[in-house]
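Q: What shape does this take:
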Amino acid sequence: MTTTTAAPRVRQTTPWVKRLTNGRVYLGALIILIWGLGPFYWMVVTALRDPAYTFDNTPWPTHVTFENFRNAFDTSRGNDFGRALVNSVIIGSITTVIALIVGVMAAYALARLAFKGKYLVAGLILSASMFPVVVLVTPLFQLFTDIGWIGQYQAMIIPNISFVLPMTVYILASFFSDLPWELEEAARIDGASRFQAFRLIMLPLAAPAVFTTAILAFIAAVNEYLLARLLSSDKTEPVTVAVARFSGNDPQVQPYAAIMAAGTIVTIPLVIMVLLFQRRIISGLTAGGVKS
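A: All right, here's what the predicted structure looks like:
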């Protein structure tokens, strides 16, 4: 007596089911795109609109003018947007460089070395990233006042490093932990020290993740407002503070159009940078997610 086993039936996908699935994917992507870029689009539209028509609800640019961009850089009303841009680049660049130097070494140690208290250190780094910024305002203000740092760059750079460093360490640590150990071991067998293996082998492999982390750290440092508002002066304030205190011809009326123009000037370079390096960013965020 012989028994036959029926072959499993393969479920056929009809063309209309495929079209429906693709349609839902494209619809979801469109909703996310509108949700993310809608405010940016409206900011650009308002920045290009004549100040007399600031509150016009037309969804495309009308009464187009570049007067708002000239007003954003006009210093006759006490605004110094150009200096604020330079300040933001200085603060963001120094914060990013220091955070990367410290973060790369800390991430490598957490991912590749075995030492006592390793998980305690990782937990402390994670807890530092969850600490509310508003709690630090009063002690930092008192500390920097006592040592004479109020209104200087270091008063904003040092707190920014402490905010950016946990993100840097965790992104890079997850990447280093997924890199193949064999490459480092081969370099050690060939006579390289641990630092040489790290510098010559592991660090070049981690370049996509380092590049991604640098972009995210720079954006986070530039976007910081609360501490910068209290710890900066007129000469060292970043763009977040400068835009928030924009003044126009009438002290009782906010210059919304000029503020939108300033926001556009700040945002467009970041958008262009992300679009140009999006492949590096994606590869840096996902390279450590699959083990070879």
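Q: Only C-alpha atoms from now on, for both contacts and neighbour counts.
A: Will do.
Q: How about residue 264: what's its closest non-neighbour residue?
A: residue 44 (6.1 Å; C-alpha to C-alpha, 6 or more residues apart in numbering).
Q: cool, and residue 86?
A: Nearest residue to residue 86 in three dimensions, chain neighbours excluded: residue 238, at 7.9 Å (C-alpha to C-alpha, 6+ apart).
Q: returning to what we had before: pull the contacting residues for the residue nearest to residue 264.
A: Listed by C-alpha atoms under 8 Å, 6 or more residues apart in numbering, the contact partners of residue 44 are 260, 261, 264.
Q: Out of those, flag the one nearest to residue 114.
A: Of all the contacts of residue 44, residue 114 sits closest to residue 264, with 47.4 Å by C-alpha to C-alpha.
Q: how far away is that closest one from residue 37?
A: 12 Å (C-alpha to C-alpha, to the nearest Å).
Q: ok, back up a step: and the contacts of residue 44, which is closest to residue 71?
A: Distances from residue 71 to those, taken by C-alpha to C-alpha, are shortest for residue 261, at 8.6 Å.
Q: To what extent is the closest residue to residue 164 other than its chain neighbours buried, counted in neighbours?
A: In space, residue 164 comes closest to residue 217 once its chain neighbours are excluded; the distance is 5.8 Å by C-alpha to C-alpha, 6+ apart. By other C-alpha atoms under 10 Å, 26 other residues sit near residue 217.
Q: now do the one 4 residues further on
A: Neighbour count of residue 221, defined by other C-alpha under 10 Å: 24.
Q: State the pLDDT value of it.
A: As predicted, residue 221 sits at a pLDDT of 92.
Q: For stretch 127-142, give the mean pLDDT please.
A: The pLDDT scores in stretch 127-142 average 85.
Q: Kindly apply the preceding question to stretch 164-181 instead.
A: On average, the pLDDT along stretch 164-181 is 85.
Q: Show me what counts as buried in that stretch.
A: Neighbour counts over stretch 164-181 (16 or more other C-alpha atoms under 10 Å) mark 164-179 as buried.
Q: Check which helix or strand the residue nearest to residue 164 maps to.
A: Using DSSP states H and E, residue 217 sits in helix 207-223.
Q: which regions of the stretch 1-150 of the chain lie under the pLDDT threshold?
A: Residues of the stretch 1-150 of the chain that meet the criterion pLDDT under 70 lie in 1-14.
Q: again, only using 80
A: Residue ranges of the stretch 1-150 of the chain with pLDDT under 80: 1-22, 77-78, 113-114, 128-129, 131.
Q: picking up where we left off before, only the buried residues of the helix holding residue 217, if you could.
A: Across helix 207-223, burial judged by 16+ other C-alpha under 10 Å covers 208-223.
Q: again, but for stretch 222-242
A: Buried positions in stretch 222-242, judged by neighbour count with 16+ other C-alpha under 10 Å: 222-225, 227-232, 236-242.
Q: and if you look at stretch 89-107?
A: If you call a residue buried by 16+ other C-alpha under 10 Å, then stretch 89-107 has these buried ones: 89-96, 98-100, 103-107.
Q: Now tell me what touches stretch 137-146 from outside.
A: For stretch 137-146, the external contacting residues (C-alpha under 8 Å, 6+ apart) are 150, 155, 227, 230, 231.
Q: could I get the contacts of residue 44 as CSV with secondary structure, pLDDT and distance to residue 60?
A: Shown next, in CSV, are these (DSSP: H, G, I helix; E, B strand; the rest coil; pLDDT from 0 to 100; distance: C-alpha to C-alpha, whole Å):
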residue, secondary structure, pLDDT, distance to residue 60
260, helix, 91, 15
261, helix, 91, 16
264, helix, 91, 16
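Q: want to throw those residues into JSON lines with neighbour count?
A: Listed next are those as JSON lines, based on neighbours: other C-alpha atoms under 10 Å:
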{"residue": "260", "neighbour count": "25"}
{"residue": "261", "neighbour count": "27"}
{"residue": "264", "neighbour count": "20"}
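Q: what ranges do the helices span in the protein?
A: Taking DSSP state H as the test, the helices found in the chain are 15-47, 67-72, 81-112, 118-129, 137-146, 154-178, 181-189, 194-197, 203-205, 207-223, 226-231, 239-244, 256-276, 278-286.
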